[in-house]
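Student: turn this into a model:
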Amino acid sequence: MKIKKTKARIKIAISCVVALVCTVGVIFSGYKIIEWLIDSNRTKEQSGIIEEAAGLHEVDDGSGTEEIPSDDESDLYHKYMSMRLIDINFDELRAINPETAGWISLSGTDVNYPFVQTSNNDYYLKHSFDRSYNSAGWVFADFRNKLDGSDRNMILYAHGRYDGTMFGTLRNILSAKWIQQPENYTVRTVTESELAAWQVFSVYRIPTTSDYIQTNFYNDDDFANFLRMLQARSAHQFNAQLNGSDHILTLSTCYSSTERVVLHAKLIKRAPRSDNL
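Tutor: Numbers count the residues shown, from 1 in each chain. Have a look, this model is predicted:
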């Protein structure tokens, strides 16, 4: 009889523990949802302030505009080359955040933000553009990049937010709708030193790895091998032509806790920003 009572008490105790764990789990989940919504609203509010401060505008090609040599003579490539570059008001943005490093705009998505750079790749995972704590983070450049036009691989990161902010719409690049519109295959950036246009040559989803975020290369041959690796893993075969003297842009975001969505584009046109000041 005592054994039965003991077993019954144990079952009750286990049930209480399970119920307590479930309750704590529900409370924690609810807290995280509320935090996510608050941070999402803050990000959207801040984006509106930033858009006004940035004064984002297109500029015409000037005498210093450089078209990167290519064997591609297609009408589509010439169309990419003819698109206007963009510029921003750095002073206004740096009044909000002195670590403002540039602007990124990707066709066919909502990626249209200033990006920042600090001394590590962790801070802006949990801080917004105004450097307040925010789980949405912000778009940031790899701390190893110089951003002076010399980078072989300029890398930008951001969270893939489900509300579409930050790099949330970067996952669009894997959809048939995005891929079926070649006008989407362009990216425009601004840094303090130059305005640039880029042509997409690889998009893919991949288990978390660091092999595509390399910034240093031994020589042109080493870099050419790197480019072949990136091009070979693309989910779509773009017609971009690559060589070891190219400069590329890499955008990376989370698809899930174990996978990343990645885009690579090659530099096709640039102009010194000083020409537009």
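
Student: could I get the contacting residues of the spatially closest residue to A53 that is not a sequence neighbour?
Tutor: In space, and not counting its chain neighbours, A53 is closest to E92: 4.1 Å by C-beta to C-beta, 6 or more residues apart in numbering. C-beta here means a position set from N, CA and C on the backbone, and glycine is covered the same way. Each residue near E92 by C-beta atoms under 8 Å, 6 or more residues apart in numbering is listed here: 53-55.

Student: list the buried ones in the helix or strand encompassing E92?
Tutor: Using DSSP states H and E, E92 sits in helix 90-96. Buried positions in helix 90-96, judged by neighbour count with 16 or more other C-beta atoms under 10 Å: 90, 93, 96.

Student: out of those, who's nearest H236?
Tutor: The closest of the buried residues of helix 90-96 to H236 turns out to be L93 (C-beta to C-beta; 33.7 Å).

Student: can you give me the helices for the stretch 151-277 of the chain?
Tutor: With DSSP state H, counting those that start in this stretch as the criterion, the stretch 151-277 of the chain has helices at 176-179, 220-232.

Student: okay, the ones you listed, which one's buried deepest?
Tutor: Among the helices of the stretch 151-277 of the chain, helix 220-232 has the highest mean neighbour count (mean count of other C-beta atoms under 10 Å), at a mean of 15.

Student: so what secondary structure elements neighbour it?
Tutor: strand 194-207 (3 or more C-beta pairs under 8 Å, 6 or more residues apart in numbering; DSSP states H and E).

Student: return the residues in contact with T253.
Tutor: 157-160, 166-168, 170-171, 260-262.

Student: also D130?
Tutor: 46, 96-97.

Student: assign it to helix, strand or coil.
Tutor: At D130 the chain is in coil, as set by DSSP: H, G, I helix; E, B strand; the rest coil.

Student: show the pLDDT at it.
Tutor: Note for D130: predicted pLDDT of 95.

Student: Y31 too?
Tutor: 45.

Student: pull the residues that contact stretch 55-63.
Tutor: Applying C-beta under 8 Å, 6+ apart, the set of residues contacting stretch 55-63 is 84-89, 92, 103, 105, 112, 195, 271, 275-276.
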